[in-house]
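Chemist: the following comprises the amino acid sequence and a computationally predicted model.
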Amino acid sequence: MKTIVVAMALALALAGCTSGGGVAEDYNGSGDGDYTSGDGTTQFYAAANRGEPIEFEGATAGGDRVSSGDFAGQILLVNFWYASCGPCRTEADDLNGLFDEYAGQGVAFLGVNIRDDAAQALSFEKKYEVEYDSILDVSDAAVTLAFARPAPPSTTPTTFLLDREGRVAARFTSAIDPRVDVVASMIDELLAEE
C-alpha cells in the first residue's frame, strides 16, 4: 500500500510542471510556475504552488525527539540518506559545506535515515563529520510518508528545501554534489522571500 501511495504522489507531483522564477527560471526562462528538470532530478515549486506545510516527528539516534515545529520560521534542508548509500557518502562534504555556509542565517539542516539502526547512523555521522541531527525513520517511515504526498523521496539520497512556512520549495533527487551551487542559489532565493 505504501508503494502505491508513493507512486501516486510522484505522478501527481510531476504533473503540470512548467518553469518557476529565480533559479528555476534559469533552467527554461518563462517564470510562470513550477519547474522539473528533464530527468526528474531537480524540482522547484513556485510559492503559490507549495501546498500545505509538512508536519513530521521522529527520534534521532541519540533518542532526542525532533519535529517540524522545531524549525518554525526557518528554511529547512532535509536530506534522506542511509549509511551504505554511495551517493550519500559523496554528497556529505557538500552538505557539510552548505551547513557551514548558512550557519546563523535562519537555515536549518536535518537528515532522515531510512535504513540504519542508531549505531550505523552514528558511525556514518562521525566518519563524515555530519554537524546536524538525523531522524531514524526505519521503524515506521513516518517522516518519509509525511513527504510522500507533495514530493516523495523517490530515490536515495533525496534532498528537500522547505520554506519558512514548512512547505516543500525544492526537491533534488540523487546526490547534490554536481548541483551544490543550484541548491545554494535556491536557499538564497528562499532567504530573500518576504
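Modeler: Arrived safely, thanks for sending. Numbers count the residues shown, from 1 in each chain.
Chemist: show me the contacts for the residue sitting nearest the centre point of the chain.
Modeler: In the chain, the residue lying closest to the centroid (C-alpha atoms, centre = their mean) is Phe160, at 1.7 Å. Listed by C-beta atoms under 8 Å, 6 or more residues apart in numbering, the contact set of Phe160 reads 76-79, 147, 151, 153, 168, 170-172. (Glycine included, C-beta is placed from N, CA and C.)
Chemist: go again with 7 Å.
Modeler: 78, 147, 151, 168, 170-171 (C-beta atoms under 7 Å, 6 or more residues apart in numbering).
Chemist: could those go into CSV alongside secondary structure, pLDDT and distance to Glu55?
Modeler: Listed next are the contacts of Phe160 as CSV, based on DSSP: H, G, I helix; E, B strand; the rest coil; pLDDT from 0 to 100; distance: C-beta to C-beta, whole Å:
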residue, secondary structure, pLDDT, distance to Glu55
Val78, strand, 97, 13
Phe147, helix, 92, 10
Ala151, coil, 73, 15
Val168, strand, 95, 12
Ala170, strand, 94, 19
Arg171, strand, 92, 17
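Chemist: and the furthest pair within these?
Modeler: Spanning the widest gap among these are Phe147 and Ala170, at 12.5 Å by C-beta to C-beta.
Chemist: tell me what the nearest residue to the residue nearest to the centre of the chain once chain neighbours are set aside is bridged to.
Modeler: Nearest residue to Phe160 in three dimensions, chain neighbours excluded: Val78, at 4.5 Å (C-beta to C-beta, 6 or more residues apart in numbering). Beta-bridge partners for Val78, by DSSP bridges, are Leu110, Phe160.
Chemist: about what we covered before: can you tell me how far the residue nearest to the centre of the chain is from Tyr45?
Modeler: 10 Å (C-beta to C-beta, to the nearest Å).
Chemist: now Leu77
Modeler: Leu77 is 15 Å from Tyr45, by C-beta to C-beta.
Chemist: quick one: pLDDT of Thr3?
Modeler: With respect to pLDDT, Thr3 scores 39.
Chemist: what's the answer for Tyr132, then?
Modeler: At Tyr132, pLDDT is 96.
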